[in-house]
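>>> I would like the atomic coordinates for the input below:
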Amino acid sequence: MIRSKSKFWSLLLVMVLVLAACGGGSDDAAEETEESGGEESVTQTTAASSSGGSSSSDSGLTGEILIDGSSTVFPITQAVAEEFTAVNPGVQISVGVSGTGGGFKKFCPGETDISDASRPIKAKERDLCAENGTTYTELQVGVDALSVVVPTSNDFATCLTTEELGAIWGADSTVSNWNQVRSSFPDVALDLYGPGTDSGTFDFFNEEITEDLGGSRSDYTASEDDNVLVNGVSGSAGGLGYFGLAYYEENKDKLTAVQVDAGDGCVGPEGAFTGTYGLARPLFIYVNDAKANDPVIKAFVDFYFDSLDPIVEAVGYIPMLPDAAARQLEYWQVVTGKPLSGEILIDGSSTVFPITQAVAEEFTAVHPNVNISVGVSGTGGGFKKFCPGETMISDASRPIKDKEKALCEENGVNYLEVQVGIDALSVVVPTSNDWATCLTTAELTSIWGADSTISNWSQVRAGFPDVALDLYGPGTDSGTFDFFNEELTEDNGGSRSDYTASEDDNVLVNGVSGSAGGLGYFGLAYYEENKDKLTAVQVDAGDGCQPPEAAFEGNYFLARPLFIYIAESAKGMSAVREFVDFYFVAMDAIVPAVGYVPMLAEQKMASLMSWSAFSRG
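Okay, here's the model as predicted:
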C-alpha cells in the first residue's frame, strides 16, 4: 500500500498554505483518503470530508482532477494533492500509478488531465497524443536519483561499476550468482527486482546501463509498485533492485544503497544533490492544454509550484535550483494567459529556419503582442549580424567558427550554443534521373572538389549516360556549405565555385528539379517538402548505400547537429527567455514535423540544462 507522510508535509507547508490558500482562514479542513489498488496500477483519491471542520478555508472550487503515470513522481503529486484538497475540499483528485508509459497511454487519448513522468515523452507517445488531438505542456518538477539497492544484510556489494551493472542487467546476461559479478563476492544466488517496461525508471536505467547491451534482461521480478520492489529486495539475502530515491529514503532501515562507479569513483545516490551522481534524472508533469485554463486544473498546478520545494525534498527527491523552478512557473503562467510583449530578432541558417519559424508561429499564436523576425542570411551571414549585437538569436547549421568567435569577443557579445535537432544533408537529383540512385563519397568528392573538371554524368561513372552535369548548392556563408566541404571536399582544396549558388533553398530545389542533369545538396526538410520533383541520392561512405532518412537510426554519413545561439544580453528579456523555454517544449513535435530528426532525450536534456545554467547566471 502506498502511504504518505501527510503530517510531516503539512508542517513544512504551513507558510506555503497561508500564502496559497484562496479563501484565507485558520481552520483546517478535514481530509478523507480513499485508496484502491489493482494489478497494474494503484490509485489514491484524496477528497475533503463533508462532515467536519470549518469552511473558512474553502476556496469554493469544485471539480475533479484525474492524474496517472510514474510511480516515481507519485509521492510528489500525491502530497500536493493532499495539501490542495485540505484547502479546497470541493475538489476530488485521483492519482494513479501506471508507470510513465502507462500514464501516457491514458493521457494522450484524453482519459486523464495530468500525467506524471520520470522521463520526457517518447516519439510514439507524441504520435499517440497527435492522433487524439491532445496538446500538452511539459513542466519539470524536480530531480530524482535512481537508487540501486540491496538488503542491509548485504555487506559486500557496497559499490558496483556501471560495467558490473551492465553485466548483471544486460539482455543476454546469464549472471545468477553474486560470485559471477565479482570473484571476491560470496556464493549467494542473485535475486533481481525492478520496474516494468512501462516505467520511466526502467527506460532511464536501460538508457544509462543496458541500451548498448541489447536492452534489459526480462527474467526478474517486475512491478510498477515500488513497495513490492522494496519488500522483495529487503526480504532476499541475494536481492538487488533499482527504483527512485524517495523509496530508498523511506526504507533505509531495511535497504542499503549501492554506490555506483561510472569511472570517477564510487558515489551514492545522495551525490545527486551536488551533481556528482551518474544516475540522476529530471521529473515531470504533463498538463493537457485543453484543461490548462480550467479553474480547478489551473489552481492545482499553481499550487503545485507554490508547494514544490518543501514537498520535493520531504519525499526524498532533489528540488530544482530556484531559477529553474521559476522558469517552469513562468512558462506555466505564459501557457495560462499571462500577457507578454516585446520583439525578438533572429537570423541565420536557412536549414534551421523552418524549425525556428514554426516555433515562432506557435509562440506568437499564444503571445500575439510579441513580434518575432526570423531572417535567412545563412549561418555565416547570421553570425555577421549576431556578433555585432544586431540580433538576439542566431540560427546555425554548424558550430561557430574561430573568426566568428573573435568577432563576437571584439564586440563584447557572450552567447550560449544550444543544439535543437539533427539534419541529414540531402544530395538530390530530379525525379527524371533514374541512374544516380547511389553515389560514393569518393564520387561526390570528384564532382565537387576545387580542381574538379567533371561536367558530364558520364565522367562520374562509366555506366552513367552522356548528360551535362548542372550543379546547385548553397553559398559560402551557409553552414550547409561548410558541413559538405568538411565532410567531402576539405582535403581536395575545398569546393569548386562554378556552380549555381544561393542561400535560398527554394532556388536550389527549382534549379535541380528543372534540369535533366541537375545535382545539388541542402537540408532534409527541403527535400521532404519537394519529393514530388526530387529524388534523394543514397550515399555510400563505405558501409553501403544509405538514404538521408537513415539519420533517424543514426546510420547516415551526412547527418549534422543544428543549433541556435542566444546572446547573453538577451537572456534577461522576458520575451526571449519565454521564447527559448517554449522552443524546448515545442521542439519534439516541430523538428520532425518540418522534416528533421529530433535529438535523443539525453541530448535534449543536456541542451536544456545548459540553457538553465546560462539563463540563471
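>>> so what's the residue nearest to Y499 when sequence neighbours are not counted up against?
What sits nearest to Y499 in space, not counting adjacent residues and going by CB to CB, 6 or more residues apart in numbering, is L471, at 3.6 Å. Every residue, glycine included, has its C-beta placed from N, CA and C. When contacts are counted by CB atoms under 8 Å, 6 or more residues apart in numbering, L471 touches 447-448, 496, 498-500, 519-520.
>>> low-scoring stretches of this protein, by residue?
Along the chain, segments meeting pLDDT under 70 span 1-59, 273-275, 321-323, 338-339, 616-617.
>>> where do the helices sit along the stretch 151-300 of the chain?
Counting by DSSP state H, counting those that start in this stretch, the segments of the stretch 151-300 of the chain that form helices are 162-169, 178-181, 200-205, 226-234, 245-250, 295-306.
>>> could you dump the contacts of L471 into JSON lines with distance to Y136 and neighbour count added?
Below are the contacts of L471 laid out as JSON lines (distance: CB to CB, whole Å; neighbours: other CB atoms under 10 Å):
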{"residue": "I447", "distance to Y136": "46", "neighbour count": "22"}
{"residue": "W448", "distance to Y136": "44", "neighbour count": "23"}
{"residue": "R496", "distance to Y136": "49", "neighbour count": "18"}
{"residue": "D498", "distance to Y136": "51", "neighbour count": "9"}
{"residue": "Y499", "distance to Y136": "45", "neighbour count": "18"}
{"residue": "T500", "distance to Y136": "44", "neighbour count": "15"}
{"residue": "L519", "distance to Y136": "43", "neighbour count": "25"}
{"residue": "G520", "distance to Y136": "39", "neighbour count": "29"}
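>>> closest to L340 out of these?
G520 (40.6 Å; CB to CB).
>>> assign that closest one to helix, strand or coil.
strand (DSSP: H, G, I helix; E, B strand; the rest coil).
>>> circling back: show me the contacts of L471 that map onto strands.
Per DSSP state E, strands hold the following members of the contacts of L471: 500, 519-520.
>>> name the nearest of those relative to F483.
For the ones in strands among the contacts of L471, the nearest to F483 is G520 (14.4 Å; CB to CB).
>>> distance-wise, check the residue at the greatest distance from the centre of the chain relative to P354.
Distance from the C-alpha centroid of the chain peaks at D466, with 49.4 Å (CA atoms, centre = their mean). Computed with CB to CB, to the nearest Å, the distance linking D466 and P354 is 37 Å.
>>> and V287, by the same measure?
Here the criterion is CB to CB. By it, V287 lies 27 Å from P354.
>>> can you verify the residue nearest to Y499 is assigned to a strand?
Yes - under three-state DSSP, L471 sits within a strand.
>>> okay, and the beta partners of it?
L519 (DSSP bridges).
>>> tell me if I'm right that S569 and C387 touch.
No - using CB atoms under 8 Å, S569 makes no contact with C387, being 12.0 Å away.
>>> need the residues touching each of those two.
In contact with both S569 and C387: V413, using CB under 8 Å, 6+ apart.
>>> those two: who's more crowded?
Between S569 and C387, counting by other CB atoms under 10 Å, C387 is the more crowded of the two (25 against 14).
>>> okay, the more buried one and G381: tell me how far apart.
Taking CB to CB, one finds C387 at 11 Å from G381.
>>> go on, A525?
Distance, A525 to G381, using CB to CB: 19 Å.
>>> out of the two, which sits in the more crowded spot?
Neighbours per residue (other CB under 10 Å) separate A525 from G381, with A525 holding more: 24 against 21.
>>> contacts only, for the residue nearest to that one when sequence neighbours are not counted.
What sits nearest to A525 in space, not counting adjacent residues and going by CB to CB, 6+ apart, is G595, at 3.5 Å. G595 makes contact with 354, 523-529 under the criterion CB under 8 Å, 6+ apart.
>>> what's the closest non-adjacent residue to V352?
Looking at V352 with CB to CB, 6+ apart, the closest residue is D395, at 3.6 Å.
>>> just checking, the one you found is part of a strand?
Yes - under three-state DSSP, D395 sits within a strand.
>>> renumber starting at 46 from here on
Happy to do that; since the first residue is 46 now, the last one works out to D440.
>>> which residues does it form beta bridges with?
Beta-bridge partners, per DSSP bridges, of D440: G393, I609.
>>> re earlier: out of the helices of the stretch 196-345 of the chain, deepest packed?
For those, the largest average neighbour count (mean count of other CB atoms under 10 Å) is found in helix 245-250, namely a mean of 26.
>>> that helix: how far from the chain's middle?
Centre-to-centre, helix 245-250 and its host chain are 14 Å apart (CA atoms, centre = their mean, to the nearest Å).
>>> what does it contact?
Counting by CB under 8 Å, 6+ apart, 115-117, 144-146, 162-164, 167, 191, 214, 239-241, 261, 287-289, 324, 326 sit against helix 245-250.
>>> buried subset of the residues you listed?
Buried members of the contacts of helix 245-250, counted by 16 or more other CB atoms under 10 Å: 115-117, 144-146, 162-164, 167, 191, 214, 239-241, 261, 287-289, 324, 326.
>>> strands - which of these land there?
When DSSP E defines the strands, the subset of those inside them is 162, 239, 287-288, 326.
>>> now the longest helix that the chain contains: buried residues?
Scanning the chain for the longest helix, with DSSP state H as the assignment, gives helix 619-638. By neighbour count on 16+ other CB under 10 Å, the buried set for helix 619-638 is 620-637.
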